[in-house]
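1. quick one: sequence plus predicted model below, questions after.
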Amino acid sequence: MLCALGAMSPGPSLAVVSRHTLAGGRAAGSVAALAHGLAIGLYAFASISGIAALLTRSPTAFAALQWAGALWLAWLGLKALLSRPANEATETAPPDHRGAARDGFLVAFLNPKVAVFFLALFSQVVGPETSAATRTLYAGTAMVIDAGWYLLVAWGLSRPGWLAWLRRHGTWVDRLFGIILIGLALRLIFQAVSG
């Protein structure tokens with residue numbers, strides 16, 4: 001339940017999956033969703049294995065990851081703000097699945113709050129006696145829930161009527177996502193600076 005609520009909370013992940021769905025359709029959105037789920041699964045497994053505990057205990061490593069995440073979000077936001085209106089050449093261009101996978105993965109992987117979330121969550125149910133199979137099951141469950149939610153987002157946004165409307169207004173949607181991503185980046189930078 002907590003994994004589902006974490007996945008559903010609006011933030012940069014939703015903006016990235018939505019943006020790739022609008023730009024490349026259901027396939028690109030699904031690639032971003034699956035890559036995001038993979039990053040979440042890796043974080044969950046790292047948290048269960050104790051690697052994330054080391055990250056959160058090292059202020060330098062945590063800050064470096066926080067700064068990298070903020071810069072990544074700012075870059076994605078700037079890219080969205082500077083996007084040009086689609087023309088026939090760009091509408092017939094094949095979707096960028098590699099970019100969708102990269103962005104989906106990195107938006108989750110460069111977010112140190114994911115490690116903190118999983119440490120808090122798994123510290124309640126995982127102990128030294130927890131078997132490797134059970135730990136893998138927990139991490140896999142987090143991955144499937146996250147990827148499943150963002151696949152639903154990609155599929156919902158790619159419905160023909162809805163997608164056509166969003167694409168007609170794509171420049172403004174891109175700019176809105178750009179503002180949201182830059183705002184989230186600035187919030188991360190503020191948190192990093194204020195400690």
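-> Looks like it arrived, so ask away. Numbering: from 1, shown residues only.

2. buried ones in the helix ranked longest in the chain?
-> Ranked by residue count and defined by DSSP state H, the top helix of the chain is helix 12-49. Neighbour counts over helix 12-49 (16 or more other C-beta atoms under 10 Å) mark 12-48 as buried. C-betas here are computed from N, CA, C, even on glycine.

3. helices and strands around it, which ones?
-> Applying 3 or more C-beta pairs under 8 Å, 6 or more residues apart in numbering; DSSP states H and E, one finds that helix 12-49 contacts helix 51-57, helix 59-81, helix 97-109, helix 112-122, helix 132-157, helix 160-168, helix 170-194.

4. adding mean neighbour count and mean pLDDT, write those out as TSV.
-> Output for the helices and strands packed on helix 12-49, formatted as TSV (neighbours: other C-beta atoms under 10 Å; pLDDT from 0 to 100):
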stretch	mean neighbour count	mean pLDDT
helix 51-57	15	68
helix 59-81	18	79
helix 97-109	21	92
helix 112-122	19	76
helix 132-157	18	90
helix 160-168	12	71
helix 170-194	17	79
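
5. state the distance from the closest residue to Lys79 other than its chain neighbours to Ser18.
-> Nearest non-adjacent residue to Lys79, counting by C-beta to C-beta, 6 or more residues apart in numbering: Gly178, 7.4 Å away. Applying C-beta to C-beta, to the nearest Å, the value for Gly178 to Ser18 is 12 Å.

6. cool, and Leu188?
-> Counting by C-beta to C-beta, the gap from Leu188 to Ser18 is 19 Å.

7. do the same with Gly29
-> Between Gly29 and Ser18 the computed distance is 7 Å (C-beta to C-beta).
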